[in-house]
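**Student:** no letters, just coordinates:
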């Protein structure tokens with residue numbers, strides 16, 4: 001009887017140890033490699049990945065369905081060469097749906113209806129990403145995950161180019177207020193470290209509000225059919241350089257529905273050669289301490305409509321005024 005009791009106790013201890021090992025495996029970071037040129041499917045790898053997984057992507061992923069991220073702290077790392085191709089299907093190519101601490105690094109996202117969408121509480125970091133050749137919008141950051149009016153622009157807004165030739169807008173400004181807390185640690189340095197050394201990407205965005213996207217490195221949304229980037233009821237923090245160029249309809253960057261845009265001291269937003277406005281801000285706020293550059297857009301270079309955008313000149317604080325067609329907002 002005693003021997004039987006000892007065996008039962010040992011079995012219970014063994015089961016507990018196995019359970020603890022399995023639990024540790026479930027929570028620790030794992031790395032997967034997707035070789036799309038060899039027939040692997042990125043969308044399937046992402047769907048099967050646990051929170052905290054780093055996915056290294058090789059080759060061109062011609063996906064039959066959208067790549068949808070729903071688990072926290074997923075890193076999709078294309079190492080600067082990988083491509084996600086939507087194959088011309090009428091859907092987003094890459095969607096972050098409510099997941100926190102998602103990092104998209106070194107990828108080209110192309111050939112879908114929408115390039116990258118992020119919403120429903122998501123916290124997303126884009127680093128060294130190109131979004132191009134999508135039939136509608138390049139990047140969408142939306143609290144609801146949707147565009148107002150199915151993405152249609154407001155027909156009552158009249159876009160018109162100021163008369164005569166004028167030099168490109170180029171601001172190098174400082175914020176009147178802070179869009180984020182004074183002690184806030186911007187996440188790009190954290191992301192750089194974890195891409196090199198590993199770690200939990202959720203810690204890099206823990207201080208951010210839900211529905212926030214961060215731009216690190218060089219991110220561009222170029223040559224898309226509609227708007228280069230929509231930000232709706234969400235926050236955008238640009239620590240790197242965000243380029244919005246040659247997009248085909250309405251604006252390079254459209255910001256609306258009580259959003260907040262922060263361009264940090266090392267950050268920049270550049271809008272060039274877009275159909276419509278370079279930057280259109282509606283019922284939202286911009287804080288610019290880095291650079292805001294617009295040029296050669298077919299509509300207003302900077303369209304401030306029922307919104308607040310702040311800059312600082314040596315002579316004192318100046319508030320950008322609504323729909324100022326002379327474009328000299330900070331002079």
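**Tutor:** Right, received. Where do you want to start? Note that this is a predicted model, so its numbers are computed, not measured. Numbers count the residues shown, from 1 in each chain.
**Student:** can you pull out the strands in the stretch 151-300 of the chain?
**Tutor:** Here the stretch 151-300 of the chain has its strands, by DSSP state E, counting those that start in this stretch, at 169-172, 212-216, 218-222, 229-232, 235-238, 241-245, 251-256, 260-263, 268-272, 277-282, 285-288, 291-295.
**Student:** among these, which comes closest to residue 78?
**Tutor:** Closest of those to residue 78 is strand 218-222, at 13.0 Å (criterion: C-beta to C-beta). For every residue, glycine as well, the C-beta is placed using N, CA and C.
**Student:** and that closest one, which residues are buried?
**Tutor:** 219-222 (16 or more other C-beta atoms under 10 Å).
**Student:** hang on, the earlier thing: least reliable of the strands of the stretch 151-300 of the chain going by mean pLDDT?
**Tutor:** Of all the strands of the stretch 151-300 of the chain, the minimum mean pLDDT falls on strand 169-172 (a mean of 45).
**Student:** okay, and residue 78 sits in which element?
**Tutor:** strand 75-85 (DSSP states H and E).
**Student:** which other helices and strands contact that strand?
**Tutor:** helix 42-48, strand 53-58, strand 60-62, strand 67-69, strand 92-97, strand 102-110, helix 188-197 (3 or more C-beta pairs under 8 Å, 6 or more residues apart in numbering; DSSP states H and E).
**Student:** what's across from the closest residue to residue 301 other than its chain neighbours in the sheet?
**Tutor:** Closest residue to residue 301 apart from its sequence neighbours, by C-beta to C-beta, 6 or more residues apart in numbering: residue 294 at 4.1 Å. Residue 294 has the following beta-bridge partners by DSSP bridges: residue 169, residue 271.
**Student:** wait, isn't residue 294 in contact with residue 279?
**Tutor:** Yes: Residue 294 is within contact range of residue 279, at 5.9 Å (criterion: C-beta atoms under 8 Å).
**Student:** need the residues touching each of these two.
**Tutor:** Common contact partners of residue 294 and residue 279 (C-beta atoms under 8 Å, 6 or more residues apart in numbering): 252, 271, 301-302.
**Student:** ranking by neighbours, what's the top pick from the residues you listed?
**Tutor:** Neighbour counts for the shared contacts of residue 294 and residue 279 peak at residue 252, which has 33 neighbours (criterion: other C-beta atoms under 10 Å).
**Student:** so where is this structure shaky, pLDDT-wise?
**Tutor:** The model of the chain has pLDDT under 70 over residues 1-4, 6-10, 16-29, 148-185, 306-331.
**Student:** and with 90 instead?
**Tutor:** Applying pLDDT under 90 to the chain flags the ranges 1-31, 64, 144-187, 189, 193-208, 249-250, 256-258, 260-268, 276-331.
**Student:** and stretch 251-265, how far apart are its ends?
**Tutor:** By C-alpha to C-alpha, to the nearest Å, the extent of stretch 251-265 from end to end equals 24 Å.
**Student:** mind listing what's buried in that stretch?
**Tutor:** Under 16+ other C-beta under 10 Å, the buried positions of stretch 251-265 are 251-257, 259-264.
**Student:** I'd like to know how far the most centrally placed residue in the chain sits from residue 219.
**Tutor:** Nearest to the mean C-alpha position of the chain, by C-alpha atoms, centre = their mean, lies residue 213 at 4.3 Å. Counting by C-beta to C-beta, to the nearest Å, the gap from residue 213 to residue 219 is 10 Å.
**Student:** overlap in contacts, the two.
**Tutor:** Overlap of the contact sets of residue 213 and residue 219 (by C-beta under 8 Å, 6+ apart) consists of residue 126.
**Student:** tell me who's in contact with the closest residue to residue 62 other than its chain neighbours.
**Tutor:** In this structure, residue 62 finds its nearest non-sequential neighbour in residue 85, 4.7 Å apart by C-beta to C-beta, 6+ apart. For residue 85, the contacting residues are 60-63, 93, 110-111, by C-beta under 8 Å, 6+ apart.
**Student:** correct me, but residue 187 touches residue 208?
**Tutor:** Yes: taking contacts as C-beta under 8 Å, residue 187 lies within contact range of residue 208: 7.2 Å.
**Student:** what about these two, which has more around it?
**Tutor:** Applying other C-beta under 10 Å to residue 187 and residue 208 shows that residue 187 carries more neighbours, namely 26 against 21.
**Student:** skipping its backbone neighbours, what lies nearest the more buried one in space?
**Tutor:** The nearest residue in space to residue 187 (C-beta to C-beta, 6+ apart) is residue 204, at 4.2 Å.
**Student:** gap between the one you found and residue 212?
**Tutor:** Taking C-beta to C-beta as the measure, residue 204 falls 12 Å from residue 212.
**Student:** quick one: residues contacting residue 118.
**Tutor:** With contact taken as C-beta under 8 Å, 6+ apart, residue 118 is in contact with 95-96, 102, 124, 139-142, 213, 234.
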